[in-house]
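> need the 3D shape of this:
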Amino acid sequence: MRGKPLLILIVLTVVIAVVAVVVREDRGSVAGAGEPLFPALLEHVNEVTTVVGVGRGETFTLVREGDRWLVSEKNNYPANQEEARKLVLGVARLSRIEPKTSNPDLYEKIGLDDINAESGNAVQYSFKNGAGESLADIIIGNSRLGRVDPQESEYFVREPVMAQTWLVQGKLSDAVGAIEWLDDKILKVERDRVRQVTVTHPDGATVTVSKKKPSQQTFNLVGVAEGEETESKFKLNDLGRSLASLDLEDVVQASEVSLPDDALEVEMTTFDGLRAVLRSTKDGDRTLAWVAASFDESLIAPEFLPGGEQADGESTHLLSADAVREEVARLNRDLPNWVYVVPNYRAKYMSVTKEDLMKGAEKKDDS
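Predicted structure coming up:
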């Protein structure tokens, strides 16, 4: 009787071994597991000059001119350079983990169904060289955190001409659509550099906030009379950093719109000589902004610069005169050509009146 269970155990062992072999053979039937997804793209990655993307019903094109990536659909406005490089290098470095379904009926489950669906996840990218030759084409679907390396992600992908899908590993940009690819930072100035911000309203009324030294964490309202009290330091700080970290929602070519005479003006000056001026106006639900930058040597506070009598703990983020001149030249390469659509919350920070900032003052009705 003891021989029968032993025989059954032997049979089961053989069956399991056969199944394992079949599974291994099935996995091995699709070559490439563990290899680069696009070895040719990796080899010629520096030759990529155009990336065409289609996703969520929109087409967007990144074009490299010299050392800069531009967004074609936005009249060649600069793209987010880090994200553009991450996309090109990221796709070139994708490595295969394992084959997945080749059944089109199952593409939807892994986000690889319709690149033109506005609510879909699928995005198709085509990478081309200067001669217009395709170096790689890929459709990217759902993603998830990497199981082996949490610093990377796993993606379900397929090549447009292939039914076979793959799970791959790498690190890609999440941007989709022309606006998401824009470099959304108009100005990026360290807060410690900012000395003063002044708002001038169309009726001539002004509001000024300032700091006495770079390390000061909060801005003070200029012109507060004895007995008056500001309502919130947060509002003062919002105004003080409004231009320093100015971002955009969209861009318009400067030749397409005109700056009105009654524009609101916001001027930011720094301890190291930068002057930035923004003029804005409402255009329906949008706020349009014109921005200019200049270097003004008279603004420099030498006591806070390296070697100055008050430099200790104050000069960390301040730039030299030559560095500020270079910053202004870099900004003015693009600023004069564009009008920016700035977020409404930024516009609100920059359009405050003194009454908005004072305790007990009658507030204006924003409606």
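> gap between Lys100 and Asp261?
Distance of Lys100 to Asp261, given as C-beta to C-beta, to the nearest Å: 61 Å. No exception for glycine: its C-beta is placed from N, CA and C like everyone else's.
> typo on my end, it should be Leu167
In terms of C-beta to C-beta, Leu167 sits 59 Å off from Asp261.
> between these two, tell me which one has more neighbours.
Shown here are Leu167 and Asp261; by other C-beta atoms under 10 Å, Leu167 has more neighbours (18 against 7).
> grab the nearest non-local neighbour of the more buried one.
Ile97 (4.5 Å; C-beta to C-beta, 6 or more residues apart in numbering).
> helix, strand or coil for the one you found?
Three-state assignment for Ile97 (DSSP: H, G, I helix; E, B strand; the rest coil): strand.
> for this protein, longest strand please?
strand 134-145 (DSSP state E).
> which parts of the stretch 51-200 of the chain are strands?
For the stretch 51-200 of the chain, the strands defined by DSSP state E, counting those that start in this stretch cover 58-65, 68-71, 77-78, 95-99, 123-129, 134-145, 153-158, 165-170, 194-200.
> quick check: neighbours of the last one in the sheet, parallel or antiparallel?
The one in question is strand 194-200. strand 206-210 (antiparallel), strand 264-270 (antiparallel) (DSSP bridges).
> show me what counts as buried in the longest strand of the chain.
Across strand 134-145, burial judged by 16 or more other C-beta atoms under 10 Å covers 135-141, 143.
> kindly report the same for stretch 188-201.
The neighbour-count check on stretch 188-201 (16+ other C-beta under 10 Å) flags 189, 191-200 as buried.
> start to end distance for it?
24 Å (C-alpha to C-alpha, to the nearest Å).
> how far off centre is it?
The chain centre lies 23 Å from the centre of stretch 188-201; the measure is C-alpha atoms, centre = their mean, to the nearest Å.
> got a list of contacts for that stretch?
Contacts with stretch 188-201, where a contact means C-beta atoms under 8 Å, 6 or more residues apart in numbering, come from 206-211, 214-215, 219, 222, 239-245, 264-272, 274, 276, 299, 301, 314, 316-319, 350-353.
> drop anything exposed from the residues you listed.
In these, the ones that pass as buried (16+ other C-beta under 10 Å) are 207-211, 214, 219, 239-244, 264-272, 274, 276, 299, 301, 314, 317-319, 350-353.
> so which helix or strand takes in Ser280?
Using DSSP states H and E, Ser280 falls within strand 274-283.
> quick check: angle from that strand to strand 264-270?
Per axes from the mean of the first three to the mean of the last three C-alpha atoms, to 10 degrees, the angle that strand 274-283 makes with strand 264-270 is 160 degrees.
> if we can go back for a sec, can you redo the strands paired with strand 194-200 as a markdown table with distance to Glu309 and mean pLDDT?
What follows is the strands paired with strand 194-200, written out as a markdown table (distance: least, C-beta to C-beta, whole Å; pLDDT from 0 to 100):
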| stretch | distance to Glu309 | mean pLDDT |
| --- | --- | --- |
| strand 206-210 | 20 | 97 |
| strand 264-270 | 19 | 98 |
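> turn those into TSV, columns for distance to Arg333.
Formatted as TSV, these follow (distance: least, C-beta to C-beta, whole Å):
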stretch	distance to Arg333
strand 206-210	29
strand 264-270	19
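> tell me which of those lies nearest to Ile179.
Ranking those by proximity to Ile179 (C-beta to C-beta) places strand 264-270 first, at 23.8 Å.
> now find how far off-centre that closest one is within its chain.
Worked out by C-alpha atoms, centre = their mean, strand 264-270 lies 25 Å from the chain centre.
> what's the span of stretch 187-200, first residue to last?
Terminal residues of stretch 187-200 lie 20 Å apart, using C-alpha to C-alpha.
> okay, now the unreliable bits of the chain?
By pLDDT under 70, the low-scoring segments of the chain are 1-32, 361-367.
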